[in-house]
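# Prediction below, plus the sequence it came from.
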Amino acid sequence: MSLLEELSGIVGAAFAAEGFPSELGTVQPSDRPDLAQFQCNGALTAAKQAKANPRAVAEKIAARLKANPVFSKVEIAGPGFINLDLSDESLVERMRTLAADERLGAPRKGEGKTAVLDFGGANVAKPMHVGHLRSAIIGDTLQRLFRANGWNVVSDVHLGDWGLQMGQLISEIGRRGIAPIYFDPHYQGEYPAQSPVTMDDLEELYPAASAACKADPKRLEEARAATAELQAGRAGYRVLWQHFVNVSEAGLTREYGSLGVRFDLWNGEASVECLIGPMIQDLKARGLATESEGALVIPVAEPADKKEMPPLILVKSDGAVLYGTTDLATIIDRVRTSGPDLILYVVDQRQHTHFEQVFRAARKAGYSGKAQLEHAGFGTMNGPDGKPFKTRAGGVMKLYDLIAMATEEADKRLVEAGLATEYPEDERNDIARKVGIAALRFADLSSHRVSDYVFDLARFTRFEGRTGPYLQYAAVRMRSILNKAEEAGLESALKVAPSTPEERTLILQLLALPNAMAGAEHNRAPNILCDYVFSLAQIFSRFYTAHHIMSEQNRALQLTRLALVAATLGVLSKVLAILGIEVPARM
RNA sequence: GGUUCCGUAGCUCAAUGGAUAGAGCAUCUGCCUUCGAAGCAGAGGGUUGCAGGUUCGAGUCCUGCCGGGACCGCCA
């Protein structure tokens, strides 16, 4: 139980004893730290409901709370706020509990529950670009957070491998005559085991095919036909397609890995191919899917809709299926194999309507089981001009190049600061890489999920201010103190209660970890964790400046403060790990 | 045109219906012969796009308007 839950329970009991709903006892950190540590606003609501004087209600509640030794102060302020301070003894007791808990008080919100997280969404045969960055980073952080909160998580990269881009690529290869054997409809023998194209080839072929289809409707028609044939099972196309998938996966694994992103499943749209036919039969048989303008659709509009809700298209008039079809079949697959309580899609906000359609269709057909279906959308990463990020040449920047840029920039900053200059080259490169990734990840995660943000590498890689590198530095500094103490033979221990404002503020922030983790989960909002951890680092810096530990003469005080440093490092490391930020041993 | 998200300090961004709207950057003033100054202490900077409404209380909820992004049946 978190501190806030504990306090809310105590205050809630006081409300209940006065005949009010106990929910009114909700306690929150004070908006006015100069006045109190915590506050409860329930007396205002209670007074409204009972048509009573709010201060009078607050007085009754406060009278009951004053009897509880956990509080050192119970005051009524303003229109009826109840302000609370904890006794120093209560604070240190709760710190001891936290320090002894290997989970550091992480909430158990997800125990016994399973969540499928769908993020990544890279496309086979297309290079990963900056557009894939946010899904990967936000999704990965949510999977780490959900696991930390006790959820059983199944993450799925859900590759884009069954749509029109496959037909575009196949027809491009056919036109160029690169591998004619796959296009011979009469060929009966074995196909080569070796892929006719490399990843580099694909990176050149796809943009060319895409541009050609855009420019020429007939060319697009060809791509559509190839897509439909692939899906219909044309042998040569299938084998060729498998080559694309194999070649791509190796590259994608490396790119996601360089960001620290891992997936449990490398499924794709095509993984549910065998479910699509039966699903369509089922939907037709039950009258849920109907013909419309030559296509097969599921109407998902509802009478209460304010907005126009187009039907979900299952099968195009040319016989090919779309990603809405595979998304729907994927729900069936996930419900069968994982039995999830939640399926969370971390995908671009622009696809919100699409997911609304798919979710409605799934519920209508009864495919979603007990799973709550939810789209956690996010905004775009923009360039300095406020438009989606492009390279200087105006093209789409590859993720690989972006990471290289960040690492290079981080290295430049290390040189400027004269840091790590005398370290072995391997270690130095490793530090630059960790700092670069930290800069990228923290910048992306700290802006609110649904809003767009401006990409500014120089700002992200700074060591000052609200950045990933600053947090790494803070952690390294804490470790440095602990190392010094260890060399001096000091063993940290929470011997005495806090006695200074810096100590109390630090303890309160440490005890607030479960609330940050629960809040971030509830809102699917990593920026809550970023706020929390940056604030923790700042509070620690004040503590560190105010109290010089190694020269402290009072041994009990010294060991207690060392224990606070150790606890802070523990909490900081835990949150950074959730954010996917690695802390170097030294910098 | 319809729907939807957004509009907060010079810039980049926060703020479960609560008290005096907060951080970082930038600007200015102090603090390194003591644990890593990538830091700390302090200052200036705001009619929360505009106008109404609900509420004891609104950046937050409702209505209208202004401005921007996104989406609106066979792309993903």
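Done, it's in.

# alpha carbons only for contacts and neighbour counts from here, please
Noted.

# Identify the residues contacting A:N429.
A:N429 makes contacts with A:D411, as judged by C-alpha atoms under 8 Å, 6 or more residues apart in numbering.

# Am I right that it falls within a strand?
No. With DSSP: H, G, I helix; E, B strand; the rest coil as the criterion, A:N429 is helix rather than part of a strand.

# how near is it to A:L414?
10 Å (C-alpha to C-alpha, to the nearest Å).

# Reduced to three states, what does the residue located most distally from the centre of chain A come out as?
What lies farthest from the middle of chain A is A:H186; by C-alpha atoms, centre = their mean that is 49.1 Å. Assigned state for A:H186: coil (three-state reduction, three-state DSSP).

# Kindly provide the distance from it to RNA strand B.
28 Å (C-alpha to the nearest atom of the strand, to the nearest Å).

# What parts of the stretch 201-350 of chain A come near RNA strand B?
Residues of the stretch 201-350 of chain A found near RNA strand B (C-alpha under 7 Å from any atom of the strand) are A:224, A:292-295, A:297, A:306-308, A:310-313, A:315-318, A:321-324, A:349-350.

# quick one, phi psi at the residue of the stretch 151-300 of chain A found nearest RNA strand B?
Across the stretch 151-300 of chain A, the shortest distance to RNA strand B (C-alpha to the nearest atom of the strand) belongs to A:G163, at 3.3 Å. Backbone torsions of A:G163, given as degrees, to the nearest 10, read phi -100, psi -160.

# what's next to stretch A:489-498, contact-wise?
Stretch A:489-498 is contacted by residues A:88-89, A:91-92, A:96, A:485, A:504, A:556-564, A:566 when judged by C-alpha under 8 Å, 6+ apart.

# if I pick the residue farthest from the centre of chain A, what's in contact with it?
Counting by C-alpha under 8 Å, 6+ apart, A:H186 has no contacts.

# and it, what are its phi and psi?
The phi/psi pair for A:H186 (degrees, to the nearest 10) is phi -100, psi 0.

# Am I right that A:S368 falls within a strand?
No. Counting by three-state DSSP, one finds A:S368 to be coil, located in no strand.

# In helices only, show me the residues of the stretch 201-350 of chain A next to RNA strand B.
Secondary structure defined by DSSP state H assigns A:R224, A:Y323, A:G324 of these to helices.

# tell me the contacts of the first one?
A:R224 makes contact with A:L164, A:G167, A:Q168, A:D318, A:A320 under the criterion C-alpha under 8 Å, 6+ apart.

# Same check on the second one?
Going by C-alpha under 8 Å, 6+ apart, A:Y323 touches A:W162, A:G163, A:E269.

# A:T227 contacts A:D161, correct?
No. Using C-alpha atoms under 8 Å, A:T227 makes no contact with A:D161, being 10.8 Å away.

# Look at the closest residue in space to A:D184 that isn't next to it in sequence and say how many residues are nearby.
Distance criterion C-alpha to C-alpha, 6 or more residues apart in numbering; nearest residue to A:D184, sequence neighbours excluded, is A:G236 at 7.5 Å. A:G236 has 21 neighbouring residues, counting by other C-alpha atoms under 10 Å.

# Quick check: which element contains A:G236?
helix A:235-258 (DSSP states H and E).

# Go through whichever helix or strand comes after that helix and flag the buried ones.
Next helix or strand after helix A:235-258 toward the C-terminus (DSSP H and E): helix A:273-285. Going by neighbour count (16 or more other C-alpha atoms under 10 Å), the buried part of helix A:273-285 is A:E273, A:L275, A:I276, A:M279, A:I280, A:L283, A:K284.
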